[in-house]
Every structure is written in C-alpha cells, then in structure tokens.
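**Q** A predicted structure for the sequence below; I have some questions about it.
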Amino acid sequence: MSASNTVTGKAIPAANGHPVEYRRVYVWELPVRAYHWINAIALVALCVTGYLIGAPIRAFYAAEAYQQYWFGWVRFIHFVAAFVYVFNFAARIYWGFVGNKYSHWNAFFPLKKSQRQEIVDVIKADVLESSLHGPISTGHNALAGLIYFFTFLVFVFQAITGFALYSSMSNSWLPRMFTWVVPLMGGEMGVRFWHHLFLWFFVTFVIVHVYLAFYHDYIEGRGTVSSIIGGWKFVRDKGEK
Ligand code: HEM
Ligand code: HEM
C-alpha cells in the first residue's frame with residue numbers, strides 16, 4: 001500500500017513503520033511564537049471593538065444612557081489592545097535583527113531566484129491545488145513571507161491612522177506624534193474612513209491565513225500548524241532548503 005506524497009509527488013511506501021526520514025528542526029523561537037499569539041489576540045480584539053465603534057449596537061437597557069458605560073468599555077478595550085499590538089509589533093521588528101534565520105528580516109523578501117520560483121510553485125499549489133514540485137522552505141515559504149511583509153505595512157498604516165484619531169483625545173506623547181496625519185487625510189472623517197476600511201483587510205487576511213496554515217500542514221505533512229505553538233517543524237532532508 002502506498003500514499004501519495006504531495007510535496008515530492010512520489011509515492012510513500014506506508015507498509016514499514018517509518019516511510020520517510022524526518023529531522024526535527026526548531027524553527028519558531030519563543031519570542032516569535034509569543035509575538036504571533038499576542039498579535040492574534042490583540043487583532044481580534046481590535047477588529048471586534050473597532051467594528052462596534054463604527055456600528056454601535058443600540059442596547060435597550062432600562063437605565064438612562066448616562067448611567068451605562070458599555071461603549072466606554074468597548075473603546076477602552078480598543079485602546080488597550082492598540083498599545084499591546086503596537087509594542088508587540090515593535091518587539092517583532094527587533095527580533096527580525098537578532099533572531100534565528102527563519103525569523104530574520106530578509107526571510108520576508110524574495111531576493112533569490114529560487115525564492116521567486118517558490119512563489120510560482122506555491123501559487124500553483126494554493127490556487128490550482130497542484131503538487132508542490134520544487135524544494136520548500138523550512139521557515140515561511142517565499143510567498144507567505146512576502147504577504148506577511150505587506151501585512152506588516154498595513155499594521156503600520158493602521159497604527160498611524162489609529163494614533164491620529166487618538167491624538168484628539170489624549171495628551172500623551174505617542175498619539176501627539178501623529179496629529180499631522182489628520183489634516184493630511186482631509187480631516188477626522190477621512191482618517192476614520194481608511195481606518196475602518198482596513199478592518200476588512202484583517203478579516204480577509206485571517207480567514208485566508210488560517211485556511212492556508214491548515215492546507216499547508218496537510219499538503220506538506222511537516223507539522224506547520226503545531227510549529228507556531230511548539231516551535232518545531234519536521235523536515236525531510238531531500239527536497240527542502
Ligand atoms: C490594527 C487593527 C485595528 C483595527 C482593525 C481597528 C479598527 C477600528 C475601527 C473599525 C474603528 C471604527 C471607525 C469608525 O467607523 O468610526 C476604529 C476606531 C478607532 N481606533 Fe482602531 N483599529 C485598529 C488599530 C488601532 C490602533 C493601533 C489605534 C491606536 C490608538 C486605534 C485607535 C482608534 C481610535 C482612537 C478610534 C476612534 C474611537 C472613537 O472615536 O470612539 N485603532 N478602529
Ligand atoms: C488574528 C489571527 C492571526 C494573525 C493576525 C496571524 C498573523 C500571522 C503572522 C503575521 C505570521 C508571521 C509570523 C512571523 O514571522 O512573525 C503568522 C505565521 C503563522 N501563523 Fe498566524 N495569525 C493568526 C492566527 C493564526 C492561527 C489561528 C493559526 C493556526 C491555526 C496560525 C498559524 C500560523 C502559522 C502556522 C504560521 C507560520 C507559517 C509559516 O510557516 O509561514 N495563525 N501568522
């Protein structure tokens with residue numbers, strides 16, 4: 001009996017106990033995993049509370065409006081999550097310079113020809129559901145790395161517009177640094193519009209990202225999903241880089 005290996009396209013003999021030789025590699029260090037899950041929790045909190053700020057629920061309580069504070073809590077959670085998300089992101093940038101090669105800043109750019117080839121291969125696998133033919137990266141694949149880089153740009157944009165909105169309600173130094181953004185974007189309404197629009201970028205990103213994490217776990221068979229929890233991936237020495 002044999003099962004098709006979707007990475008190499010070759011059949012794996014499943015009869016003996018260990019059909020393929022695997023090596024355990026420590027890919028995601030603790031700071032990367034901590035960043036990932038703090039970021040995921042903060043972003044979900046920001047998306048939910050941001051949506052509620054933009055489209056508040058009319059709560060029919062017996063109490064008078066001035067006796068309720070639920071909207072205040074929604075805003076408070078948005079602002080706390082915003083600070084957590086910004087400083088967590090700053091820590092990840094730092095780790096991009098001191099961490100291992102898989103988390104290094106250059107893992108996010110397809111600088112080599114082989115990485116550009118990998119992008120084509122991964123698009124074929126993800127969109128056309130064909131087999132992965134070329135060697136696959138042990139860390140982020142080149143397409144994932146590039147998409148994370150674009151996502152990081154959106155993180156920065158959302159932080160700038162968020163702090164610009166916050167600057168009219170706070171005297172602390174961080175929001176005050178972004179007061180200039182408000183006139184640049186045509187006033188508070190313009191900033192609010194773009195800040196709101198990018199909520200939907202995150203919603204789309206998360207749906208596609210979680211789907212692809214599980215899909216690559218399935219087609220690569222290397223423990224992709226568990227790697228972002230425990231840090232380890234399982235690699236075959238042949239056909240990997
Ligand atoms: C990165 C993920 C974020 C998402 C998805 C997000 C989403 C949103 C949304 C949808 C709104 C409502 C806009 C509207 O329609 O009026 C909002 C409001 C706001 N956000 Fe964010 N936001 C994020 C990050 C931040 C950050 C980093 C800050 C920085 C402090 C921030 C500060 C604010 C402020 C001040 C408001 C206006 C609150 C109000 O007027 O009551 N946001 N956010
Ligand atoms: C709000 C939710 C999430 C966001 C914003 C998010 C974002 C990200 C980002 C930015 C990275 C790159 C990490 C880095 O190099 O620093 C990443 C990697 C990863 N994420 Fe998520 N993530 C989310 C949820 C999840 C969930 C629920 C899973 C699994 C079930 C998951 C699985 C992974 C895996 C496996 C990687 C490493 C992927 C690779 O090898 O390229 N993520 N995520």
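**A** On my side now, so go ahead. Ligands and ions are numbered 1, 2, ... in the order given.
**Q** drop to CA atoms for contacts and neighbour counts, all remaining ones
**A** OK.
**Q** Please enumerate the strands of this protein.
**A** Under the criterion DSSP state E, strands of the chain are mapped to 2-4, 11-13, 23-26, 232-235.
**Q** who's in contact with the residue positioned nearest the centre of the chain?
**A** The chain has Tyr148 as the residue nearest its centroid, 6.2 Å off, counting by CA atoms, centre = their mean. Residues in contact with Tyr148 (CA atoms under 8 Å, 6 or more residues apart in numbering) are Phe108.
**Q** do that again at 10 Å, thanks
**A** 108-109, 140, 142, 154, 205, 209 (CA atoms under 10 Å, 6 or more residues apart in numbering).
**Q** ditto for Ser170
**A** Residues near Ser170 by CA under 10 Å, 6+ apart: 163, 176.
**Q** quick one, phi/psi of it?
**A** Ser170 adopts backbone torsions of phi -140, psi 150, taken as degrees, to the nearest 10.
**Q** Quick check: it vs Phe193, distance?
**A** Using CA to CA, to the nearest Å, one gets 20 Å for the distance from Ser170 to Phe193.
**Q** now do Leu46
**A** Counting by CA to CA, the gap from Leu46 to Phe193 is 16 Å.
**Q** My guess is Trp105 contacts His140. True?
**A** No. Under the criterion of CA atoms under 10 Å, Trp105 is not in contact with His140, lying 11.5 Å apart.
**Q** Residues of the protein that sit close to ligand 1?
**A** 43, 46-47, 50-51, 53-54, 75, 79, 82, 155, 158-159, 162-163, 165-166, 192, 195-196, 199 (CA under 6 Å from any ligand atom).
**Q** of these, buried ones?
**A** Buried subset of the residues of the chain next to ligand 1 (neighbour count, 16 or more other CA atoms under 10 Å): 43, 46-47, 50, 53, 75, 79, 82, 155, 158-159, 162-163, 165-166, 192, 195-196, 199.
**Q** Good, wrapping up.
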